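Student: next comes the sequence, and after it the predicted model I'd like to discuss.
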There are 2 protein chains.
Amino acid sequence: MSQPRNVRGQVVPDAPRAGEARSVPDATVARLATYLGVLTLLAERAITTVSSEELATGAGVNSAMLRKDLSYLGSYGIRGVGYDVGILTRQISRTLGLTVHRSVALVGVGNLGQALAGYAGFASRGFRIAALLDAAPELVGTTVQGFTVRDVAELDRVVAEEGITIAVLAVPGKVAQEVCDRLVAAGVTSILNFAPVVVSVPEHVDVRKVDLAAELQILSFHENRKAAAALTKAANS
Amino acid sequence: MSQPRNVRGQVVPDAPRAGEARSVPDATVARLATYLGVLTLLAERAITTVSSEELATGAGVNSAMLRKDLSYLGSYGIRGVGYDVGILTRQISRTLGLTVHRSVALVGVGNLGQALAGYAGFASRGFRIAALLDAAPELVGTTVQGFTVRDVAELDRVVAEEGITIAVLAVPGKVAQEVCDRLVAAGVTSILNFAPVVVSVPEHVDVRKVDLAAELQILSFHENRKAAAALTKAANS
DNA sequence: TTATGTGAAGGATTTCACAGCG
DNA sequence: CGCTGTGAAATCCTTCACATAA
């Protein structure tokens, strides 16, 4: 991510204001979300304290990395004991900006869009689906997972009315860039892109891409590697 | 730990130590899948040659990184010209192990599972969905997206009969570890995990996790950062 | 001349290992 | 004593810059 710059293009030094977290690396941010999930499970089981070792195991990382990650938020552990589940949950939530209510628009109500609309994880983690949008006349007006599908022509108005800043893009690749441009023009500043194309956006907009086919291809690579290793092993014996 | 290479770009088999002979970095593998997607689009438009600059732009990376990535596969470009779309497509496909036919099992036929079953990207990229499995009696035997849902009790037999090595896990978090264990026991060595929990697997099994809620939380963090930057900017003016 | 391929430099991330607090 | 928090080391990844080949 690019550093903040002032009008003259100079890099603004990190403002070390009291109570503010230092700049958090991208890799850490991605893992904080995972830690939050594990903490939620612990809380459901009425566990109030957890060590870095236990939390790290639950999140699939090693304990040194977890402690380093948490150190970016400040010092919220108790030496010789561990972390308080409630306190840590709150600190991570605050860092991720989850204390602010966020409305999300879901554009594209095909197979994937419908599944995403019904995904319980969104609501339970504090995201409100404020609108389902699609271009197909036969879908507009119907109810999907309890939401009424609205015409994508209303995109601008819906984004403004609902104060939407985050959009989930689940449209076909061919129209992804066009829809993306309209979202940005309407004021959306974060996009979760499920379309199998790279969309280009202005500097101030963040995009994260989820490419299902790519994930399988990466696994395929490792399958290949394992098969090759097995052959080598067999040849050497 | 960069590998020595000969003139043809092949990795020279060096140390006798039979550790992991990984010549292509993980970060590169992830991007190769993206490059492949862009190349496919170019081929559809009957474009036969592409420069590193153009291909990089299409994939959303800079050209130096693209060239470095491709250099791990060997030297398949033409200096002063660029890359042949067909040749490069084949080389990347070969590296990702996509020339081998791979059968995939999809476990969990809920909202998300059904959407994934209908996802065209899987088939078009060479992955065959060989089985849909679920535990719900009311689903078993029904047809979803053209596939007959089979009972998860048959998991072992199905995996063996179809020669399945990759599984997509789209079950609730509470049963994810249990189903995962059964998949591994049946012989699956790669898992794409959509359940919102971290599953633990033996050394020889690869897991990739897709966490939809986490993706939104990461975007939320950046929304927060942008909001804070806007406030700072306003205060400084 | 043009655009690739790649050492080397520069950053970012992860791991190590241990000081220091509770 | 046990476990966190963190400099320092190690590793991994990206960018730079230019020799090199078509």
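Tutor: Happy to help now that I have it.
Student: contacts, neighbours, all on C-alpha from now
Tutor: OK.
Student: which residues of chain A lie near DNA strand D?
Tutor: A:50-53, A:64, A:67-68, A:70-72, A:74-83 (CA under 7 Å from any atom of the strand).
Student: and with 10 Å instead?
Tutor: A:1, A:49-56, A:63-84, A:88 (CA under 10 Å from any atom of the strand).
Student: hey, which helix or strand in chain A has the poorest pLDDT?
Tutor: When each helix and strand of chain A is scored by mean pLDDT, DSSP states H and E, helix A:120-124 comes last, with a mean of 87.
Student: next secondary structure element downstream of that helix?
Tutor: strand A:127-134 (DSSP states H and E).
Student: so, in contact with DNA strand C or not, the longest helix seen in chain A?
Tutor: Ranked by residue count and defined by DSSP state H, the top helix of chain A is helix A:212-236. No - for helix A:212-236, no contact with DNA strand C is found by CA under 10 Å from any atom of the strand; the gap never falls below 17.6 Å.
Student: list the contacts of that helix.
Tutor: A:194, B:29-30, B:33-34, B:95-98, B:102, B:121-122, B:125, B:165-166, B:189-192, B:206-208 (CA atoms under 8 Å, 6 or more residues apart in numbering or on different chains).
Student: which among those residues end up buried?
Tutor: A:194, B:29-30, B:33-34, B:95-98, B:102, B:122, B:125, B:165-166, B:189-192, B:206-208 (16 or more other CA atoms under 10 Å in any protein chain shown).
Student: hey, where'd the strands end up in chain A?
Tutor: A:49-50, A:77-78, A:82-84, A:102-107, A:127-134, A:143-144, A:147-151, A:166-169, A:190-193, A:206-209 (DSSP state E).
Student: okay, now the sheet partners of the last one, with direction.
Tutor: Sheet partners assigned to strand A:206-209 using DSSP bridges are listed as strand A:190-193 (parallel).
Student: and the partner strand, how far from the chain's centre?
Tutor: Strand A:190-193 has its C-alpha centroid displaced from the chain centroid by 9 Å (CA atoms, centre = their mean, to the nearest Å).
Student: per-domain residue ranges of chain A.
Tutor: Chain A breaks down by automatic domain parsing into domains covering A:26-95, A:102-213.
Student: quick one, which of these is packed in tightest?
Tutor: domain A:102-213 (a mean of 18; mean count of other CA atoms under 10 Å in any protein chain shown).
Student: ends of that one, how far apart?
Tutor: 29 Å (CA to CA, to the nearest Å).
Student: spit out the contact partners of the closest residue to residue A:48 other than its chain neighbours.
Tutor: Among residues not flanking residue A:48 along the chain, residue A:85 sits closest, at 5.1 Å (CA to CA, 6 or more residues apart in numbering or on different chains). Listed by CA under 8 Å, 6+ apart, the contact set of residue A:85 reads A:39, A:42, A:43, A:47, A:48, A:49, A:50.
Student: from these, which is closest to residue A:159?
Tutor: For the contacts of residue A:85, the residue nearest residue A:159 by CA to CA is residue A:39; the value is 32.7 Å.
Student: straight-line length of stretch A:149-159, end to end?
Tutor: Taking CA to CA, stretch A:149-159 runs 14 Å from one end to the other.
Student: equivalent analysis for stretch A:194-210, please.
Tutor: 5 Å.
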